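Visitor: sequence and computational prediction follow.
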Amino acid sequence: MNSMGWLQLVVFVVALVAITKPMGLYLVQVLDVNGRTWLDRIIKPFERLTYRLLGVEANHEHDWKQYTLAMLLFSLVSCLFTYAILRLQHLLPLNPQAFGPMSPDLAFNTAVSFTTNTNWQSYGGESTLSYLAQMVGLVIHNFASAAVGIALAAALVRGIARQSAQTLGNFWVDLVRITYYLLLPLCLVFAVFLISQGMIQNFKPYTKAKLTESYKISVEKKNDKGETIKGADGKPVMEEQTVDEQLIAQGPMASQVAIKMLGTNGGGYMNGNAAHPFENPTPLSNFIQMLSIFSIGSGLTYYLGRMVKNQKHGWAIWSAMTALFLAGVLLCWWAEAAGNPIHQKLGVAVADGNLEGKEVRFGIFNSALFATITTDASCGAVNAMHDSFTALGGFVPLFNIQLGEIIFGGVGAGLYGMLVFVILAVFIAGLMVGRTPEYLGKKLHSYEVKMAMLALLVLCVSILGFSAWGAISKPGLAGLNNSGPHGLSEILYAFSSATGNNGSAFAGLTANTPWYNTTLGLAMLLGRFAMIIPIMAMAGSLARKSIAPASSGTFPVSGGTFVVLLLGTILLIGALNFLPALALGPIVEHFLTAQGKLF
């Protein structure tokens, strides 16, 4: 933990503070159907044309059921659209490498993954998908799923801010305005910046480069039909092949990476994701990509404060998020800088830390910072392999996901996830003083608390239920690369990432199997939609309530006391659900590693 790392951390936090208010003010304009932006002269005609083509009345609003149904139907249709592209990519244009279709289970997993903003990838992008599949099948979801998340957060905020109302806005209007006025302009500027840093953007066929030194590899022997030849023991027959050239992937990367980060999607064009120099060429591109992951989520906290006419409340939530973020960064950085004690017994210098699985261009601090940011948000992009982190270093991203990725979080998802904990914190405060809980002048009753708890229980049931199934079933155990507690962590991380709609992985797990593709896809659907429905029901209930003036018994939702109570609620309710599983995974692995045991 050196001075340069501390300086970079300070610069990052200062930059995040600096962009929060401008982003929040712009979101206020974008998320208002009558809001005026500096882009109106260019985009307004396209917005009106889109409403006309869709048959949408911009000023007609939906109640929570209509809003949720519209979101579900849109997600279903777009998911089927992407599934069709992935299954038919061999028949479609822009496929210079002549890639074949995805298998049904992998296509299901991928279509669901990008629809739910998870962007889990059980494949290598540059070796599996055509340019058309990348640009149309996947990137369209990078915009759409991000816009859906922001729209849902806006609907919940409107439910909190309005009184005696039946509606929460118009889903189609929110979707169009977020895409046209926010995501597209930001991504255009961001993509140009990334190209200036050396990121590629083209449609060239892959380039073949001759190696200066050839090498040999063992591969499965195939027959004329491309089928694996198996021996008498049922195992594949292996043969040696000489490799004397390298295939260098090309493609439209900058345009995909821009929305991948701003929309907290995380699905990489390359299998190496943000560790690959084509996706992350320079230290500056690395810093701006990390900042972009938090930018919209941070701005939404300011948007909340402005909409409920209590800016201190917005900053209080921002402060709670920042406190959790800093705690995670410092623990992960310390663990990775301390290194592996087993390596040190073998003579590896302590000062080098744990460089296993890290891109040396970024080093330990930027790897730890990136890992914390991408799992605080539901991004999932990585510039280091989390499976290679130390036990406590890997604990941090896993724990972040299991909290619900509420620390700035995915675009929109982080805010509505955090507001669930805010409702519970205010409810607990009311119980402690013996008064009916109030949140911003609205009395909370059993219905809102039940919906909040139901949203949290969905995460627990999905993560722990699927992980338990994987830990005792033959197909679940078949994908493990490690035994013992680290093997459990690989399974637990996979289903935490899928349910939390993150997409990063302990990549030692072989997940491209029919069982994992199917169960992870189901976990993604539960984590996205089964959580959203009770939250939207809660938003509808809050919108119908009237606002009462504050009294001497009203619990203030700003200031240090509220921040501490909110943090306590998050850690006690959100974290304790997963403590037994974490104790059997990364925590026990940490103590066993200190004794010299590896898995």
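Guide: That came in fine, so what should we check first? Residues are numbered from 1 along each chain as shown.

Visitor: for the rest of this, base every contact and every neighbour count on C-alpha atoms.
Guide: Noted.

Visitor: for Asn59, which residues are in contact?
Guide: Residues near Asn59 by CA atoms under 8 Å, 6 or more residues apart in numbering: 33, 170.

Visitor: redo that, cut-off 10 Å
Guide: Taking CA atoms under 10 Å, 6 or more residues apart in numbering, we find Asn59 in contact with 33-34, 169-170, 173.

Visitor: try Ala507
Guide: 122, 385-388, 480-481, 490, 493-494.

Visitor: hmm, try it at 7 Å
Guide: Asp387 (CA atoms under 7 Å, 6 or more residues apart in numbering).

Visitor: what are the contacting residues of the least confident helix or strand in the chain by mean pLDDT?
Guide: Taking mean pLDDT, DSSP states H and E as the measure, the chain has helix 341-345 as its least confident helix or strand, at a mean of 81. Contact with helix 341-345 is made by 350, 594, 596, as judged by CA under 7 Å, 6+ apart.

Visitor: got the contact list for the first one?
Guide: I take that to be Val350. Neighbours of Val350 in contact, by CA under 7 Å, 6+ apart: 338-339, 344.

Visitor: can you flag the buried ones in those?
Guide: Neighbour counting with 16 or more other CA atoms under 10 Å marks 338-339, 344 as buried within the contacts of Val350.

Visitor: and which of those residues is nearest to Ala381?
Guide: Gly339 (23.1 Å; CA to CA).

Visitor: does the closest one touch Asn354 like I think?
Guide: Yes - judged on CA atoms under 7 Å, Gly339 makes contact with Asn354 at a distance of 4.2 Å.

Visitor: quick one on the thing from earlier: got a markdown table for the contacts of Val350, with distance to Leu188 too?
Guide: Shown next, in a markdown table, are the contacts of Val350 (distance: CA to CA, whole Å):
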| residue | distance to Leu188 |
| --- | --- |
| Ala338 | 40 |
| Gly339 | 40 |
| Gln344 | 47 |
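
Visitor: so Phe171 versus Glu57, what's the distance?
Guide: 11 Å (CA to CA, to the nearest Å).

Visitor: let me fix that, I meant to ask about Met453.
Guide: In terms of CA to CA, Met453 sits 35 Å off from Glu57.

Visitor: when those two are compared, which one has more neighbours?
Guide: Met453 (19 against 13; other CA atoms under 10 Å).

Visitor: which strands and helices lie in contact with the helix or strand hosting the more buried one?
Guide: In this assignment (DSSP states H and E), Met453 forms part of helix 446-472. In terms of contacts (3 or more CA pairs under 7 Å, 6 or more residues apart in numbering; DSSP states H and E), helix 446-472 is packed against helix 474-478, helix 484-499, helix 531-544.

Visitor: go again with 10 Å.
Guide: helix 391-402, helix 413-433, helix 474-478, helix 484-499, helix 514-525, helix 531-544, helix 579-582 (3 or more CA pairs under 10 Å, 6 or more residues apart in numbering; DSSP states H and E).

Visitor: so how far is the first one from its chain's centroid?
Guide: Averaged C-alpha coordinates place helix 391-402 at 14 Å from its chain's average position (CA atoms, centre = their mean, to the nearest Å).

Visitor: what do you get for stretch 518-536?
Guide: 14 Å.

Visitor: hey, which of the helices and strands packed on helix 446-472 is tucked in deepest?
Guide: helix 484-499 (a mean of 28; mean count of other CA atoms under 10 Å).

Visitor: export that helix to PDB, keeping only CA atoms.
Guide: C-alpha atoms of helix 484-499 as PDB (Å, rounded to 0.1, in the frame of the first residue of the first chain):
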ATOM      1  CA  GLY A 484     -12.200 -27.400  -0.800                       C
ATOM      2  CA  PRO A 485     -13.300 -23.900   0.200                       C
ATOM      3  CA  HIS A 486     -12.000 -22.300  -2.900                       C
ATOM      4  CA  GLY A 487     -14.200 -24.600  -5.000                       C
ATOM      5  CA  LEU A 488     -17.200 -23.600  -2.900                       C
ATOM      6  CA  SER A 489     -16.300 -20.000  -3.500                       C
ATOM      7  CA  GLU A 490     -16.300 -20.500  -7.300                       C
ATOM      8  CA  ILE A 491     -19.800 -21.900  -7.200                       C
ATOM      9  CA  LEU A 492     -21.000 -19.300  -4.700                       C
ATOM     10  CA  TYR A 493     -19.500 -16.500  -6.800                       C
ATOM     11  CA  ALA A 494     -21.100 -17.800 -10.000                       C
ATOM     12  CA  PHE A 495     -24.600 -17.800  -8.600                       C
ATOM     13  CA  SER A 496     -24.100 -14.500  -6.600                       C
ATOM     14  CA  SER A 497     -22.900 -12.900  -9.800                       C
ATOM     15  CA  ALA A 498     -25.800 -14.200 -11.800                       C
ATOM     16  CA  THR A 499     -28.500 -13.300  -9.200                       C
END
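
Visitor: could you check the angle that helix makes with helix 446-472?
Guide: Angle between the axes of helix 484-499 and helix 446-472 is 140 degrees (criterion: axes from the mean of the first three to the mean of the last three CA atoms, to 10 degrees).

Visitor: average pLDDT across helix 484-499?
Guide: Averaging pLDDT along helix 484-499 yields 94.

Visitor: please apply the same query to stretch 571-591.
Guide: On average, the pLDDT along stretch 571-591 is 90.

Visitor: next, the distance between the ends of that stretch.
Guide: 22 Å.

Visitor: ok, now stretch 243-261?
Guide: OK, stretch 243-261 end separation, CA to CA: 35 Å.

Visitor: so what secondary structure elements neighbour the helix or strand hosting Leu175?
Guide: Assessed by DSSP H and E, Leu175 sits inside helix 171-177. Packing partners of helix 171-177 (3+ CA pairs under 10 Å, 6+ apart): helix 3-30, helix 40-54, helix 64-88, helix 139-161.

Visitor: which strands or helices does the last one pack on?
Guide: With contacts defined as 3+ CA pairs under 10 Å, 6+ apart, the secondary structure elements packing on helix 139-161 are helix 3-30, helix 64-88, helix 104-115, helix 171-177, helix 253-262, helix 283-307, helix 413-433, helix 531-544.

Visitor: export those to a markdown table and tack on mean pLDDT?
Guide: A markdown table is the format used below for those (pLDDT from 0 to 100):
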| stretch | mean pLDDT |
| --- | --- |
| helix 3-30 | 95 |
| helix 64-88 | 95 |
| helix 104-115 | 95 |
| helix 171-177 | 96 |
| helix 253-262 | 93 |
| helix 283-307 | 95 |
| helix 413-433 | 90 |
| helix 531-544 | 95 |
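
Visitor: so how many other residues sit close to Trp333?
Guide: Neighbour tally, Trp333, other CA under 10 Å: 25.

Visitor: so who does it touch?
Guide: Counted by CA under 10 Å, 6+ apart, Trp333 has contacts 1, 5, 339, 353, 364-369, 371-372, 392-393, 396.

Visitor: ok, Leu72 next?
Guide: 66, 78, 148, 529, 533.

Visitor: likewise for Val420?
Guide: 406, 448-449, 451-453, 455-456, 535, 538, 570.

Visitor: where in the stretch 101-250 of the chain is pLDDT low?
Guide: 225-226 (pLDDT under 70).

Visitor: the stretch 301-450 of the chain now?
Guide: Ranges of the stretch 301-450 of the chain meeting pLDDT under 70: none found.

Visitor: give me that answer again for 80
Guide: Applying pLDDT under 80 to the stretch 301-450 of the chain flags the ranges 343-344, 346-352, 433-436.

Visitor: excluding chain neighbours, give the residue nearest to Thr179 in space.
Guide: Nearest residue to Thr179 in three dimensions, chain neighbours excluded: Ala147, at 6.2 Å (CA to CA, 6 or more residues apart in numbering).

Visitor: residues contacting the one you found?
Guide: Contacts of Ala147 by CA under 10 Å, 6+ apart are 117, 141, 153, 174-180, 182-183, 263, 411-412.

Visitor: repeat the analysis, applying 8 Å as the threshold.
Guide: Counting by CA under 8 Å, 6+ apart, Ala147 has contacts 174-175, 178-179, 183, 263, 411.
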